[in-house]
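[1] Everything below, folded, please.
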Amino acid sequence: QVQLLESGGGLVQPGGSLRISCVASGRTTSNHFRGWFRQAPGKEREFVATISWIESVILYGDSVSGRFTISKDNAKNTLYLQMNNLKPEDTAVYYCASQSRDYIGGYDSLQRYDTWGQGTQVTVSS
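    The predicted structure follows:
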């Protein structure tokens with residue numbers, strides 16, 4: 001069972017940048033997806049971005065496309081999210097998520113991912 005640990009969250013001013021990371025304790029040998037979701041207070045968990053671990057297929061949520069970049073380092077078993085031009089509405093707890101079983105539904109579906117990290121807080125404020 002993979003375990004995920006996020007880091008790198010913090011306070012940043014609007015227009016600023018931040019990179020968060022997610023280290024996995026177990027190896028991923030399949031082409032399953034690993035991604036980022038976020039949840040703001042009083043809102044549902046929202047899809048941010050995802051990447052397939054072997055073929056590097058990438059998808060982004062509409063609200064972050066063009067500003068955020070997902071990447072990975074397979075050797076370090078680490079997932080990254082580079083966030084640029086941050087806005088106050090990006091404020092949320094960001095969760096890393098990993099898929100371990102085959103799933104037919106959407107890549108942005110919460111049900112695709114069966115392992116979650118504890119989350120890291122990102123606050124965008126002046």
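[2] Give the bridge partners for the residue nearest the centre of the chain, please.
    What sits nearest the mean C-alpha location of the chain, by CA atoms, centre = their mean, is W36, with 1.7 Å. Beta bridges link W36 to A49, C96 when assigned by DSSP bridges.
[3] how about low-confidence regions in this protein?
    Residue ranges of the chain with pLDDT under 70: 27-29.
[4] Go again with 80.
    Along the chain, segments meeting pLDDT under 80 span 1, 26-31.
[5] Now do the strands in the protein.
    For the chain, the strands defined by DSSP state E cover 4-7, 10-12, 18-24, 33-39, 46-52, 58-60, 68-73, 78-83, 92-98, 115-116, 120-124.
[6] The residue nearest to the centre of the chain touches S71, doesn't it?
    No: the pair W36 and S71 fails to qualify as a contact (CB atoms under 8 Å) at a distance of 11.1 Å. Where you see a C-beta, it was placed from the backbone N, CA and C, and this is true even at glycine.
[7] Mutual contacts of the two, please.
    Listed as contacting both W36 and S71 by CB atoms under 8 Å, 6 or more residues apart in numbering are L79.
[8] what number of residues lie near G26?
    The local packing of G26 (other CB atoms under 10 Å) involves 13 other residues.
[9] should've said Y103
    Using other CB under 10 Å, Y103 is surrounded by 15 other residues.
[10] contacting residues around the nearest residue to it once chain neighbours are set aside?
    In space, Y103 comes closest to R112 once its chain neighbours are excluded; the distance is 4.5 Å by CB to CB, 6 or more residues apart in numbering. With contact taken as CB under 8 Å, 6+ apart, R112 is in contact with 33, 99, 103, 105-106.
[11] Roughly how far does the nearest residue to F68 once chain neighbours are set aside sit from Q99?
    Nearest residue to F68, sequence neighbours excluded (CB to CB, 6+ apart): M83, at 5.1 Å. In this view, M83 and Q99 are 22 Å apart by CB to CB, to the nearest Å.
[12] With that, I have no additional questions.
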